[in-house]
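>>> Below is the structure, and that's it, no one-letter string:
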């Protein structure tokens, strides 16, 4: 355990030195504050809780931005060390290969979690400072959104580590990471929408729809945050959730599996990889 924490601390220090922590925090905070004040401006006229609007806005932002940040952080975690020649030095220490992968993963997850909490939390702080009255239900939904956002980041960090252990060049890892991001964030949902349109109004079996939604971690995240409560009405996701039997615990477990399985495969691949 000490070795894992040591490797994690090393990744956090490198992230601070390379300005990753500062850059991601400022980016998320800047976009969150912009969406907060622009998106919640008209809510007072229609009686909508401003924090609920912020949750919808930040969830939509997180779907596009957090996977990209996570993949940029992790895609060269192993292959980058190999190209720089530091992987051999790292393996010469009394530290196991699985400890290296898990330690690096926890370090990057700490960076992403800190940036998400501070960046998105700035939006809630700004609303409170402006005198906005926020209900306990909205606070619970906001806390759920923060936790789910960190979990979504963990999913794509895990996928990034799998990429980094499978390829031999950083440039290849970068290209694959961008392709993975495009597939899950854009192409998959476009193809799913096209399939639903091609069905020409025929009902899709609930089990098939649930399987298709769980096959994409960004869709599971979207349903978890926007599929119930006031966010469901504001985001227009009520129609999707009405035809689905997926509950919050099931969606959370799906995201956990998405984070654990690729990282486990990355551990297996790295254990057999030559430095």
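Happy to help now that I have it. Treat the numbers as computed from the prediction; the structure is a model and nothing was measured. Numbering: from 1, shown residues only.

>>> rest of the way, CA atoms for contacts and neighbours
OK.

>>> Provide a list of residue ranges in the stretch 51-200 of the chain with pLDDT below threshold.
Where the stretch 51-200 of the chain drops to pLDDT under 70, the residues are 199-200.

>>> Tell me which stretches of it form helices.
Here the stretch 51-200 of the chain has its helices, by DSSP state H, counting those that start in this stretch, at 79-84, 86-91, 97-129, 136-166, 170-182, 188-198.

>>> which helices and strands sit right next to the third one?
Right, helix 97-129. Contacts defined by 3 or more CA pairs under 8 Å, 6 or more residues apart in numbering; DSSP states H and E place helix 97-129 against helix 2-17, helix 20-39, helix 50-74, helix 136-166, helix 248-271.

>>> Can you tell me the closest non-neighbouring residue to residue 123?
Setting aside the residues directly before and after it, residue 123 is nearest to residue 33 in space (CA to CA, 6 or more residues apart in numbering), at 5.2 Å.

>>> so the helix or strand encompassing residue 210 versus helix 248-271, what angle?
Residue 210 belongs to helix 206-214 when assigned by DSSP states H and E. Helix 206-214 and helix 248-271 are oriented at 50 degrees to each other (axes from the mean of the first three to the mean of the last three CA atoms, to 10 degrees).

>>> tell me how far the helix or strand just after helix 206-214 is from the chain's mean position?
Sequence-wise, the next helix or strand downstream of helix 206-214 (DSSP H and E) is helix 217-226. On the basis of CA atoms, centre = their mean, to the nearest Å, helix 217-226 sits 10 Å off its chain's mean C-alpha point.

>>> For helix 217-226, the averaged confidence score.
Averaging pLDDT along helix 217-226 gives 88.

>>> from now on call the first residue 48
All set: I'll call the first residue 48, so the last point we hit is now helix 264-273.

>>> what helices or strands is it leaning on?
Helix 264-273 makes packing contacts with helix 97-121, helix 183-213, helix 253-261, helix 276-282, helix 295-318 when contacts are defined by 3+ CA pairs under 8 Å, 6+ apart.

>>> Give me the mean pLDDT for the helix holding residue 257.
Per-residue pLDDT over helix 253-261 has a mean of 84.

>>> Quick check: which helices or strands does it pack against?
Using 3+ CA pairs under 8 Å, 6+ apart, the elements in contact with helix 253-261 are helix 264-273.

>>> what angle separates the helix it packs on from helix 253-261?
Using the same axes, to 10 degrees: helix 264-273 against helix 253-261 is 100 degrees.

>>> Count the neighbours of residue 195 for me.
Using other CA atoms under 10 Å, residue 195 has 23 neighbouring residues.

>>> Check residue 148 too.
A count of neighbours around residue 148, defined by other CA under 10 Å, yields 26.

>>> That one contacts residue 312, correct?
No: using CA atoms under 8 Å, residue 148 is not in contact with residue 312; the gap is 10.9 Å.

>>> buried residues in stretch 51-59?
Residues of stretch 51-59 classed as buried under the neighbour-count rule (16 or more other CA atoms under 10 Å) are 51, 52, 53, 54, 55, 56, 58, 59.

>>> wait, stretch 162-175
Residues of stretch 162-175 classed as buried: 162, 163, 164, 165, 166, 167, 168, 169, 170, 171, 174 (neighbour count, 16+ other CA under 10 Å).

>>> Might you calculate how far stretch 157-173 sits from the centre of the chain?
13 Å.

>>> Could you do stretch 226-245 as well?
18 Å.

>>> what's the span of it from first residue to last?
One end of stretch 226-245 to the other measures 25 Å (CA to CA, to the nearest Å).

>>> That stretch: which residues count as buried?
Residues 227, 228, 231, 232, 235, 236 are the ones in stretch 226-245 that count as buried (16+ other CA under 10 Å).

>>> Closest to residue 115 out of these?
residue 228 (6.4 Å; CA to CA).

>>> I'd assumed residue 115 was in contact with the closest one.
Yes: using CA under 8 Å, residue 228 is in contact with residue 115, at 6.4 Å.

>>> Assess the claim that residue 265 and residue 199 are in contact.
Yes: Residue 265 is within contact range of residue 199, at 7.3 Å (criterion: CA under 8 Å).

>>> rewinding a little: make a markdown table out of the buried residues of stretch 162-175 and add distance to residue 143.
Output for those, formatted as a markdown table (distance: CA to CA, whole Å):
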| residue | distance to residue 143 |
| --- | --- |
| 162 | 29 |
| 163 | 30 |
| 164 | 31 |
| 165 | 33 |
| 166 | 34 |
| 167 | 36 |
| 168 | 36 |
| 169 | 39 |
| 170 | 41 |
| 171 | 42 |
| 174 | 47 |
